[in-house]
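> my questions concern the predicted model and sequence given below.
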Amino acid sequence: MTTNEYQVTGMTCGHCEMSIREEVSEVAGVEDIQVSAQTGKLVVSGQGEIDDAQVLAAVEEAGYSAVRV
């Protein structure tokens, strides 16, 4: 199981979390997504490698910015 953690900027509410969850869920290999507007953390887990660039692009597509922690 691979787990990657990101710090997301711009999230303020549950709707923000839902938008990010929807976009990131489309990234290949992603099986579990934990996202918190309160802490700004996004934790993505899955079997095998998870492409950071695809996760970061998905977060941007949702309207936010993120960096790998």
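Happy to help now that I have it. Every value quoted in this text rests on a predicted model; they were computed, and no experiment measured them.
> give me the element the residue lying closest to residue 69 once chain neighbours are set aside is part of.
Once flanking residues are discounted, residue 69 sits nearest to residue 5: 4.5 Å by C-beta to C-beta, 6 or more residues apart in numbering. The way it works is simple: take the backbone N, C-alpha and C, and place the C-beta from them, glycine included. Secondary structure assigned from DSSP states H and E places residue 5 in strand 2-9.
> hang on, the earlier thing: my guess is the residue nearest to residue 69 meets residue 40, correct?
No - in this structure residue 5 lies outside contact range of residue 40 using C-beta atoms under 8 Å: 11.0 Å.
> more neighbours: these two, which one.
residue 40 (17 against 12; other C-beta atoms under 10 Å).
> quick one: contacts of the very next helix or strand once past the strand holding residue 5?
Counting by DSSP H and E, the element after strand 2-9 in chain order, helix or strand, is helix 14-24. Contacts with helix 14-24, where a contact means C-beta atoms under 8 Å, 6 or more residues apart in numbering, come from 8, 10-11, 30, 33, 35-37, 42, 44, 55, 58-59, 61-64.
> show only the entries of those residues found in helices.
Applying DSSP state H to the contacts of helix 14-24, the entries found in helices are 55, 58-59, 61.
> what's the pLDDT at the residue nearest to residue 27 when sequence neighbours are not counted?
In this structure, residue 27 finds its nearest non-sequential neighbour in residue 54, 4.6 Å apart by C-beta to C-beta, 6+ apart. pLDDT for residue 54: 97.
> could you do residue 1 as well?
pLDDT, read off for residue 1, is 88.
> what's the neighbour count on the residue nearest to residue 27?
16.
> same check, this time on residue 24
Residue 24: 24 neighbours (other C-beta under 10 Å).
> ok, for it, nearest residue in space, not its chain neighbours?
residue 58 (4.7 Å).
> likewise residue 36?
Using C-beta to C-beta, 6+ apart, the closest residue to residue 36 is residue 17 (7.0 Å).
> state the distance from the one you found to residue 10.
Plainly put, residue 17 is 12 Å away from residue 10 if you go by C-beta to C-beta, to the nearest Å.
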